[in-house]
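Colleague: Sharing a model prediction with you, sequence too.
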Amino acid sequence: MREAGVTLVVDTCTYVTAIMRDLDGAVMTNSGKWAYYAPGNLGVAVAFGSLADCVASSRAGRVVRR
């Protein structure tokens with residue numbers, strides 16, 4: 001069984017960088033634009049939340065919404 005990992009991405013466009021490879025599970029974002037375009041462009045499931053939700057999710061290793 002593979003352990004879930006969390007990658008925080010800041011100050012870069014994930015559409016043009018190689019950081020978003022081999023995604024497994026949900027991708028959490030606080031960007032409405034990213035949440036709208038990512039499923040079609042990157043083929044990922046998106047969880048949308050506040051910045052606090054994103055931080056809580058990264059700490060928990062799963063999607064958390066307050």
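Modeller: Here it is on my side, so go on.
Colleague: Show me what the helix or strand containing residue 58 is packed against.
Modeller: Taking DSSP states H and E as the criterion, residue 58 maps to helix 51-60. Contacts defined by 3 or more Cβ pairs under 8 Å, 6 or more residues apart in numbering; DSSP states H and E place helix 51-60 against strand 26-29. (Each C-beta comes from the backbone N, C-alpha and C, glycine too.)
Colleague: what do you get if the cut-off is 10 Å, keeping everything else the same?
Modeller: If you count contacts as 3 or more Cβ pairs under 10 Å, 6 or more residues apart in numbering; DSSP states H and E, helix 51-60 packs onto strand 26-29, strand 45-48.
Colleague: Pick out the shakiest of the ones you listed, pLDDT-wise.
Modeller: Per-stretch mean pLDDT for the helices and strands packed on helix 51-60 is lowest at strand 26-29 (a mean of 84).
Colleague: Name the surrounding residues that touch that one.
Modeller: With contact meaning Cβ atoms under 10 Å, 6 or more residues apart in numbering, strand 26-29 is reached by 6-7, 9, 14, 20, 34-35, 38-39, 42, 44-49, 51, 53-58, 62-65.
Colleague: Would you mind identifying the next helix or strand past that strand?
Modeller: The helix or strand immediately downstream of strand 26-29 is helix 32-42, counting by DSSP H and E.
Colleague: quick one: average confidence on that following helix?
Modeller: Averaged across helix 32-42, pLDDT comes to 86.
Colleague: ok, and for stretch 56-66, which residues are buried?
Modeller: 56-57, 63-64 (16 or more other Cβ atoms under 10 Å).
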